[in-house]
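**Q** Everything below, folded, please.
(2 chains)
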Amino acid sequence: MVCATFMTQSNPDSLVWSTLNKLSSPNPHRLPSSVALADEHLLVAAAKSGDGAAFEELVNRYERKIFRLTMNITGNTEDAEDAMQDAFLKSYTHLQNFHGDSRFYTWLVRIAANEALMRLRKRRPNQFSLDEPIEGEDDLMPREIEDWEPSPEQRYAQSEMQGILKEVIAQLEPDYRVVFVLRDVEELSTEETAQTLGISIPAVKSRLLRARLKLRQKLNRYFRKGEAN
Amino acid sequence: MNCKGVIRELSNYLDGDLDGVLKVDLEHHLQHCEDCSMVVDQTKRTVEIICDSKPLELPSDVRSRLHEALHQKIKMKPN
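**A** Residues are numbered from 1 along each chain as shown, chains lettered A, B, ... in the order given. Below you'll find the predicted structure:
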């Protein structure tokens, strides 16, 4: 289910930045993914060599997604803003520690997730646990199994749909919500998610399964056949 | 495979991580169990719909504060 693509390495040169400026101008045309990924690599290389504008371009590119991530994890606008800001500032400070083993965005997501988790734990100390509870399978069996419309999401306007998705994700318990957000929304691998959260791979898989099943159940009331708009 | 087995393996199935024999067993069950078939399909669509959703706009005041902090940081760390 993970839709992530990973960048390939390329050798940046000094002339590329002027090209990037054109590519990154307002209202840019949508680029093929290979160009976009190489583009990210070149921006990172320029930023590492001290080009602040290149780093700001990376921030422009990812600020909305990182804010969505920190909002999804903390569920609190003030904490989400602080976590996002600290994530970008720390990533700038420690940019030399990024060696290109993953996409820059993946590295950024891990920093932002940790910033958001710190604030979640501070505000609600008992709601996110590194412990791995013994979970039975009996409570996994889905309830409310009903037919959905063929394209249920089209029943709602885009802003309405965004509100529904935000609400159902926020209703998940933090343990499940964080894993779901990192795996399915931010497209980290199971291993990256486990490392980021400091939990085992089986715990990631168990929490992801539960999160997905709970979200299906929550969306059922919006998407089932015959549900009034 | 029974219904419990399908639910237990649901994530692995959706992620393409299920081994050959288990996958065949699960798909055989889905051919005969309407409920499990619906749950598998709807869970897949749930992830797709959320995965495809666009991030909300960043509030302008939040964005201004972020970029102001960033400019201060960049000034403090000249190359």
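**Q** going forward, measure contacts between C-alpha atoms and count neighbours the same way
**A** Will do.
**Q** Could I get the buried residue list for the helix or strand where B:Val21 lies?
**A** Here B:Val21 sits within helix B:20-32, counting by DSSP states H and E. Going by neighbour count (16 or more other C-alpha atoms under 10 Å in any protein chain shown), the buried part of helix B:20-32 is B:23, B:26-27, B:29-30.
**Q** measure the residue nearest to the spatial centre of chain B to chain A for me?
**A** For chain B, the residue nearest the mean C-alpha position is B:Val47 (4.4 Å; C-alpha atoms, centre = their mean). B:Val47 sits 7 Å away from chain A, going by C-alpha to the nearest C-alpha, to the nearest Å.
**Q** relative to helix B:20-32, how tilted is whichever strand or helix holds that residue?
**A** Secondary structure assignment for B:Val47, by DSSP H and E: helix B:34-52. Helix B:34-52 runs at 110 degrees relative to helix B:20-32, counting by axes from the mean of the first three to the mean of the last three C-alpha atoms, to 10 degrees.
**Q** Check what contacts helix B:34-52 and list those residues.
**A** A:1, A:142, A:145-148, A:153, A:165, A:184-185, A:212-213, A:215-216, A:219, B:3, B:6-7, B:10, B:14, B:30-31 (C-alpha atoms under 8 Å, 6 or more residues apart in numbering or on different chains).
**Q** among those, which ones are buried?
**A** Buried, going by 16+ other C-alpha under 10 Å: A:1, A:142, A:145-146, A:148, A:153, A:165, A:184-185, A:212-213, A:215-216, A:219, B:6-7, B:10, B:14, B:30, out of the contacts of helix B:34-52.
**Q** related to what we said a few turns ago, the helix holding B:Val21 - what's its average pLDDT?
**A** Averaged across helix B:20-32, the pLDDT comes to 94.
**Q** residues in chain A within reach of chain B, list them.
**A** A:1-2, A:49-52, A:56, A:63-65, A:67-68, A:81, A:85, A:88-89, A:137, A:140-142, A:145-148, A:153, A:162, A:165, A:184-185, A:205, A:208-209, A:212-213, A:215-216, A:219 (C-alpha under 8 Å from any C-alpha of the partner chain).
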